[in-house]
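Novice: My questions are about this predicted structure, shown below with the sequence.
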Amino acid sequence: MNDSTFKKNILCIGAGYVGGPTMTVIANHCPDYRITVVDISEEKIRRWNSDHLPIFEPGLKERVDRVRGKNLFFSTDIDRGIAEADMIFVTVNTPTKTFGEGMGRAVDLQFMEQTARRIREHASSDTIVIEKSTIPVRAAETLEKILSTNPNGVRFEILSNPEFMAEGTAIQDMENPDRVLIGSMDTPEGLRARDELLAIYNRWVAPEKIITTNLWSSELSKLVANAFLAQRITSINTISAVCESTGADVTQVADAVGRDSRIGSKFLRAGVGFGGSCFRKDILSLVYLCEHYGLAEIAGFWNYVIQLNDYQMERFVRRILHAMFDTLVDKKIAVFGFAFKPNTGDTRDAPSIYICKRLLEEKARLTVNDPHALENAREDLKGLDGAGFEQDPYKAAEGAHAIALLTEWDCYRDLDYRRIFESMEKPAYLFDGRNHLDHDALYAMGFNVYCVGKPDRDHFA
């Protein structure tokens, strides 16, 4: 049922990294739509209704403050939201399965199914259901089968509208997207539902940036986009190993290769590996899909992208170990950056988790610093001996034998490294896992500098 003061009622089930920012942008551009974001987590909703939002994203808080309480609302009353909704975006968690058939590869759809059953039970009028969560190809069939058994005569149309937001630039990606993808059934009802969603995006997105496809193409496109991006990162990281062995500089190689218009320069920056909630999960989902259809060779290709990413993280740890005389026992290492990328507090599948755990296995003492991810870092390293946390990077580095930079936050470029060097144990090491700092200047100060895909800068060599 429509609130008479608004053109339509839009509900989003899931108040996480996708649901919150997406609905905030829609609310800012569609003041005549009532937007409600619901979640089972009372704590998460409490924070969305406070000045301390549950996620950090540049530009998000200003936009939330602009519309919250006007046409953007956050609630735990999921059933009421469903009953009043004309359109429902589903942004629930779809993690990789940790049990049973497909364990470690297939997507765990239990939350998606639970949401579908809840929608079926409480919807009071014909409703458009929009897949926003990343799900396997043809998952819309599962939703349709569940929703079609509604005993109240309510009809549902399912659309696929995958998100292409990158954390740290989510608001920018939503407001000025490369493309918006909408998949629908090729039926009169499906096309009408598609047009309802088009009417929202047309408020601020140029028509030529909106792509319409069938449901299955839309669902697959999300997996393929993330797989291709991860593959590019992995490709340049493999070359970084070659560079370290031959004396080449991976930054120079990437620049030369990236200037080829057929290749381009994006995602050719070597580092300690990719992370985040999507890349590994989506590649594994693609692997499982290929295995399901008997495409073993293709599954093996994409699975090896994951293996090479793990290899890159382990290679970084071994480089630290070997540089520091093959022992890290009781040596303090200051970890600069824990989030999987800058401008976000998200640490899901961050390379820092693996690297820090491996360093702790070698009996190092860690002091982790990050401008926005310390809360999550504490949770990720909870209960592990030797892990400490410090908001001040200068204090984090005091008495350290080495610094390991794992996230390329801008603030790390602006630190007084001469002051840091003087406060550290000698010899002082700096391992730049993102090739983010001025290595010549650091070497001149006295640091032994190790980067990814570049020759060692060691005073003892």
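Specialist: That came in fine, so what should we check first?

Novice: Quick one: the helices in the stretch 1-150 of the chain, in order.
Specialist: Using DSSP state H, counting those that start in this stretch, the helices of the stretch 1-150 of the chain run over residues 19-29, 42-48, 60-67, 78-84, 110-122, 139-147.

Novice: angle of the first one against helix 60-67?
Specialist: In this case it means helix 19-29. Between helix 19-29 and helix 60-67, the angle comes out at 50 degrees (axes from the mean of the first three to the mean of the last three C-alpha atoms, to 10 degrees).

Novice: average model confidence for helix 19-29?
Specialist: Across helix 19-29, pLDDT averages out at 97.

Novice: is it possible to export the helices of the stretch 1-150 of the chain to TSV including distance to Asp330 and mean neighbour count?
Specialist: From N, CA and C alone the C-beta is placed, and that goes for glycine too. Listed next are the helices of the stretch 1-150 of the chain as TSV, based on distance: least, C-beta to C-beta, whole Å; neighbours: other C-beta atoms under 10 Å:
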stretch	distance to Asp330	mean neighbour count
helix 19-29	43	24
helix 42-48	38	16
helix 60-67	42	17
helix 78-84	51	18
helix 110-122	44	18
helix 139-147	50	18
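
Novice: Is it possible to get JSON lines of those that adds distance to Leu215?
Specialist: Shown next, in JSON lines, are those (distance: least, C-beta to C-beta, whole Å):
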{"stretch": "helix 19-29", "distance to Leu215": "19"}
{"stretch": "helix 42-48", "distance to Leu215": "30"}
{"stretch": "helix 60-67", "distance to Leu215": "30"}
{"stretch": "helix 78-84", "distance to Leu215": "22"}
{"stretch": "helix 110-122", "distance to Leu215": "15"}
{"stretch": "helix 139-147", "distance to Leu215": "5"}
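
Novice: Out of those helices, the one nearest Glu196 is which?
Specialist: Set against Glu196 and scored by C-beta to C-beta, those come closest in helix 19-29, at 13.0 Å.

Novice: The closest one - contacts with which helices or strands?
Specialist: With contacts defined as 3 or more C-beta pairs under 8 Å, 6 or more residues apart in numbering; DSSP states H and E, the packing partners of helix 19-29 are strand 8-13, strand 33-38, helix 60-67, strand 72-75, strand 87-90, helix 170-175.

Novice: Just the residues contacting it, thanks.
Specialist: The set of residues that contact helix 19-29 without belonging to it, under C-beta atoms under 8 Å, 6 or more residues apart in numbering, is 10, 12-13, 33, 35, 37, 39, 48, 53-55, 57, 60, 63-64, 66-67, 71-72, 89, 91, 132, 163, 165, 170-171, 174-175, 200, 203-204.

Novice: of the helices of the stretch 1-150 of the chain, which approaches Asp410 most closely?
Specialist: Ranked by C-beta to C-beta, the member of the helices of the stretch 1-150 of the chain that lies closest to Asp410 is helix 60-67, at 18.1 Å.

Novice: What average pLDDT does the closest one get?
Specialist: On average, the pLDDT along helix 60-67 is 97.

Novice: can you list contacts of it?
Specialist: Around helix 60-67, the neighbours that count as contacts under C-beta under 8 Å, 6+ apart are 20-21, 24-25, 27-28, 31, 35, 48, 51, 53, 72, 170-171.

Novice: Spell out the residue ranges of the strands in this protein.
Specialist: Taking DSSP state E as the test, the strands found in the chain are 8-13, 33-38, 72-75, 87-90, 127-131, 156-160, 180-184, 210-214, 332-336, 365-369, 387-389, 402-405, 429-432, 448-451.

Novice: What strands line up against the fourth one, and which way round?
Specialist: When you say that, I think you mean strand 87-90. The strands that strand 87-90 pairs with in its sheet are strand 8-13 (parallel), strand 127-131 (parallel) (by DSSP bridges).

Novice: could I get those as TSV with mean pLDDT, distance to Arg457 and mean neighbour count?
Specialist: Below are these laid out as TSV (pLDDT from 0 to 100; distance: least, C-beta to C-beta, whole Å; neighbours: other C-beta atoms under 10 Å):
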stretch	mean pLDDT	distance to Arg457	mean neighbour count
strand 8-13	97	50	24
strand 127-131	96	49	24
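
Novice: could those strands go into a markdown table alongside distance to Asp77?
Specialist: A markdown table is the format used below for these (distance: least, C-beta to C-beta, whole Å):
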| stretch | distance to Asp77 |
| --- | --- |
| strand 8-13 | 10 |
| strand 127-131 | 17 |
